[in-house]
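K.L.:
Got a predicted structure plus its sequence, pasted below:
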Amino acid sequence: MLLSLEAQESSEYKKMVSLKIVKKSQPVTLSITQPKEPKKVEPKVEEKEYKKGFFVGGSFGFSYLTHSEENILGTTTLDVTLEDYATNYGVEGGFYFSDDFFVTLNYQYTPLENVEFHYLYATFNHRFYNVENVHPYYGVLLGSSLMNWKERPIADSSKIDMSSSSILGAQAGVELDLSKQVSFFFLYKYIVMDYTTLITSSTEAVEIRYTSEQSFDFGLRYAF
């Protein structure tokens, strides 16, 4: 009987110990870590490289020339028909100072059936409202020119010497970049000149004047 009581007491003691151990055990804690927000990477904005430096170019166009005829002596009938429309050919060299301003030095040849014109002039141009690779611009030009008669308007008239005139003008166009070096352009150009040629024969005299040339030109430029 005594052993049975001791066994019960021993069993009760173990339960108490077990209970104590459970009570003294540390509570389980859960730690929740929030994921770090990814760093915002701002896209790099590439600065556009504009053309600066020297360039060369060539052009082809269609011209309309204004001329007038006035009889000075008798009623003159010319032996040739003076044309107003012609094609023109040009070459140029220039310099881009910035994306807004450039200058050129130009030579242009405008041949008609009976007379031909040679122009040497400089242009000063301003680009405005540049959009991507499209550059509209306007400018002024000044220089000098030569006029040469290829045949006499009156067969028995005296020889006609080559004459010269200063020129002034304005132009407006658009330049389209095809690559970093090559661009296509087209423009409208108006040139004012003053050529007066007096043609005389034994019985006739006529005065022929050329006062302006308008043209639409197309061309390519190559930048170095």
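P.N.:
Perfect, I can see it now. Residues are numbered from 1 along each chain as shown.

K.L.:
which residue ends up closest to the midpoint of this structure in space?
P.N.:
In the chain, the residue lying closest to the centroid (CA atoms, centre = their mean) is E175, at 2.6 Å.

K.L.:
In contact with that residue, which residues?
P.N.:
Residues counted as contacts of E175 (CB atoms under 8 Å, 6 or more residues apart in numbering) are 127, 134-137, 183-185, 221. All C-beta atoms are positioned from the backbone trio N, CA, C, and that covers glycine.

K.L.:
tell me which of the residues you listed is nearest to L112?
P.N.:
Closest approach between those and L112, by CB to CB: F185, at 24.8 Å.

K.L.:
give me every residue that touches the closest residue to L187 other than its chain neighbours.
P.N.:
Using CB to CB, 6 or more residues apart in numbering and skipping the chain neighbours, the partner closest in space to L187 is G173 (2.7 Å). G173 is in contact with 136-138, 185-188, 217, counting by CB under 8 Å, 6+ apart.

K.L.:
In strands, which of those fall?
P.N.:
Judged by DSSP state E, the contacts of G173 include 136-138, 185-188, 217 as members of strands.

K.L.:
Need the residues you listed in TSV (columns: neighbour count, distance to T123 and pLDDT).
P.N.:
Below are those laid out as TSV (neighbours: other CB atoms under 10 Å; distance: CB to CB, whole Å; pLDDT from 0 to 100):
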residue	neighbour count	distance to T123	pLDDT
P136	14	15	95
Y137	21	10	96
Y138	14	10	97
F185	17	12	97
F186	14	15	96
L187	21	10	96
Y188	14	13	98
D217	20	12	98
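
K.L.:
Quick one: those as a markdown table, columns for distance to E92 too.
P.N.:
Formatted as a markdown table, the ones in strands among the contacts of G173 follow (distance: CB to CB, whole Å):
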| residue | distance to E92 |
| --- | --- |
| P136 | 18 |
| Y137 | 14 |
| Y138 | 16 |
| F185 | 10 |
| F186 | 14 |
| L187 | 11 |
| Y188 | 16 |
| D217 | 10 |
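
K.L.:
ok, residues contacting the host helix or strand of L120?
P.N.:
L120 is part of strand 115-127, with elements assigned from DSSP states H and E. Applying CB under 8 Å, 6+ apart, the set of residues contacting strand 115-127 from outside is 65, 82, 99-111, 135-150, 167, 169, 171, 175, 191, 210, 213.

K.L.:
Pull out the buried residues from the residues you listed.
P.N.:
65, 82, 102, 104, 106, 108, 110-111, 135, 137, 139, 141, 143, 145, 147, 149, 167, 169, 171, 175, 191, 210, 213 (16 or more other CB atoms under 10 Å).
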